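> just the structure for this:
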Amino acid sequence: MSDSAFSVEVYQNPYLPAGQRGVSAVVSVTAPTTIAEPAGSKQAAEVIVLDCSRSMDYPPAKMAEARLATAAAVDLIPDGVLFAIIAGTSRAWPVYPADGTMAVANERTRAKAKDAVSRLRANGGTAIGQWLRLAHQVFQSCPATLRHAILLADGANQHETAEQLDAAIALCAGTFCCDCRGVGTDWRVSELRKISTALLGTLDIVPEPSGLAAEFEELMRNSLSKRLPDVALRIWTPRTVVPKFVRQVAPALAAMSGRPVPSDAQARHYPTGAWSPGENRDYHMDFQVTASGTGEEMIAARVSVVASSPGHEQVLGQGVIRVIWTGEGP
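Numbering: from 1, shown residues only. Modelled structure (predicted):
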């Protein structure tokens, strides 16, 4: 496999009995094992968004463990990677660097960041949309193409409207990926799931504050392993074919039908986020075709892995889903 090629393998039974219209397939996509971009380059950027609302002091160990977890994650950022830390209450502010830009990781900047985090205290309300908007602004200040955030919250988004949060999520979509974690039991799953789904991240609960450090370390290691910038699945279908759904089934379940971006009359793009070298993901796809006569054959869909840049789309891998009608009845 070349430095840029993705493997796309289609697993299906292409034969349909006469009169049947449903076509289903599993498409297995594997990223290339080698890439030109070295680890630790400035192509990668990390932002940690830390809930500092008043509820983070109940119990007091929650805020203390959040500070320790942030410091542990910062320690894992390799030299040369861009990073920043944001604090959020009913407003958001840059913790480090204090000017709202991003720092280049090295021994000195990591130490300064941990010192700034150690002085954070819990106070105020919760307006997660403000946190996301500042993260977007910070990411926009850097040239990185691999952009990842960790967002920690412990309560509901009480100090802004649902519409304000939705607008902030829409602003950030396509700019960076975001893994969301809720600590304790008072946060709203629906709010963080909305963020993680739109921003191509994961969502999970950390029941006890003592588990935050291990969780942040795992998230940071996983993000730093992803050296391939965001690609998309481009699914082309003939005019007579109706896509029913597309969902990721491995290594984790993830619905994707809600986030396609139309590319032309017969094609839709499904963002997939960044990839690790050699990473494999499986997608289940379902289509409805127009029934045809015995022995007839058609392409139901063409599945491509594409990388896009302004005015240009590069196909990195491709597979075809076919249909052949047999003489047997349903």
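> ok, the nearest residue to residue 138 once chain neighbours are set aside - contacts?
Closest residue to residue 138 apart from its sequence neighbours, by Cβ to Cβ, 6 or more residues apart in numbering: residue 84 at 5.0 Å. In short, each C-beta sits where N, CA and C put it, glycine included. For residue 84, the contacting residues are 45, 46, 47, 48, 94, 96, 97, 100, 101, 102, 103, 138, by Cβ atoms under 8 Å, 6 or more residues apart in numbering.
> isn't the second one up against residue 144?
This points to residue 46. No: Residue 46 is not in contact with residue 144 according to Cβ atoms under 8 Å; the separation is 9.1 Å.
> between these two, what contacts are shared?
With Cβ under 8 Å, 6+ apart as the test, residue 46 and residue 144 both reach residue 82.
> the two: which has the busier surroundings?
Using other Cβ atoms under 10 Å, the more surrounded residue of residue 46 and residue 144 is residue 46, with 27 against 20.
> partner strands of the strand or helix carrying the more buried one and their direction?
Secondary structure assigned from DSSP states H and E places residue 46 in strand 44-51. Paired neighbours of strand 44-51 in the sheet (DSSP bridges): strand 82-88 (parallel), strand 146-153 (parallel).
> gap between the shortest one and the chain center?
From the chain centre to the centre of strand 82-88 is a distance of 18 Å (Cα atoms, centre = their mean, to the nearest Å).
> among the contacts of residue 84, which ones are buried?
Buried members of the contacts of residue 84, scored by 16 or more other Cβ atoms under 10 Å, are 45, 46, 47, 48, 94, 96, 97, 102, 103, 138.
> in this structure, what secondary structure element scores lowest on mean pLDDT?
strand 261-264 (a mean of 69; mean pLDDT, DSSP states H and E).
> packing partners for the helix or strand just after it?
Sequence order places strand 267-271 as the next helix or strand after strand 261-264, per DSSP H and E. If contacts are counted by 3 or more Cβ pairs under 8 Å, 6 or more residues apart in numbering; DSSP states H and E, strand 267-271 sits against strand 232-236, strand 261-264.
> what's the closest of the buried ones among the contacts of residue 84 to residue 110?
residue 103 (8.7 Å; Cβ to Cβ).
> can you list contacts of the strand or helix carrying residue 166?
Element membership for residue 166 (DSSP H and E) is helix 162-172. Helix 162-172 is contacted by residues 127-130, 132-133, 135-136, 157, 178, 191, 194-195, 198-199 when judged by Cβ under 8 Å, 6+ apart.
> among these, which ones are in helices?
In helices, defined here by DSSP state H, the members of these are 128, 129, 130, 132, 133, 135, 136, 191, 194, 195, 198.
> how many neighbouring residues does the closest residue to residue 52 other than its chain neighbours have?
By the measure of Cβ to Cβ, 6+ apart, the closest residue to residue 52 outside its immediate chain neighbours is residue 87, 4.5 Å from it. Counted with other Cβ under 10 Å, the neighbours of residue 87 add up to 25.
> and if you look at residue 20?
With other Cβ under 10 Å as criterion, residue 20 counts 16.
> cool, and the one 4 residues further on?
Taking other Cβ under 10 Å as the neighbour definition, residue 24 ends up with a count of 15.
> any idea how far the strand or helix carrying it is from the middle of the chain?
Of the helices and strands defined by DSSP H and E, residue 24 is found in strand 22-30. Distance, stretch centre to chain centre, for strand 22-30: 21 Å (Cα atoms, centre = their mean).
> part of a helix, is residue 112?
Yes: counting by DSSP: H, G, I helix; E, B strand; the rest coil, residue 112 is located in a helix.
> that older thread, list the buried ones in the helix or strand that comes right after the strand holding residue 46?
Next along the chain after strand 44-51, taking DSSP H and E as the criterion, comes helix 60-75. Residues 62-74 are the ones in helix 60-75 that count as buried (16+ other Cβ under 10 Å).
> how about JSON lines for the contacts of residue 84, with distance to residue 251 and pLDDT added?
Listed next are the contacts of residue 84 as JSON lines, based on distance: Cβ to Cβ, whole Å; pLDDT from 0 to 100:
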{"residue": "45", "distance to residue 251": "24", "pLDDT": "96"}
{"residue": "46", "distance to residue 251": "22", "pLDDT": "98"}
{"residue": "47", "distance to residue 251": "25", "pLDDT": "98"}
{"residue": "48", "distance to residue 251": "24", "pLDDT": "98"}
{"residue": "94", "distance to residue 251": "34", "pLDDT": "98"}
{"residue": "96", "distance to residue 251": "33", "pLDDT": "98"}
{"residue": "97", "distance to residue 251": "35", "pLDDT": "98"}
{"residue": "100", "distance to residue 251": "35", "pLDDT": "97"}
{"residue": "101", "distance to residue 251": "35", "pLDDT": "97"}
{"residue": "102", "distance to residue 251": "30", "pLDDT": "97"}
{"residue": "103", "distance to residue 251": "32", "pLDDT": "97"}
{"residue": "138", "distance to residue 251": "30", "pLDDT": "98"}
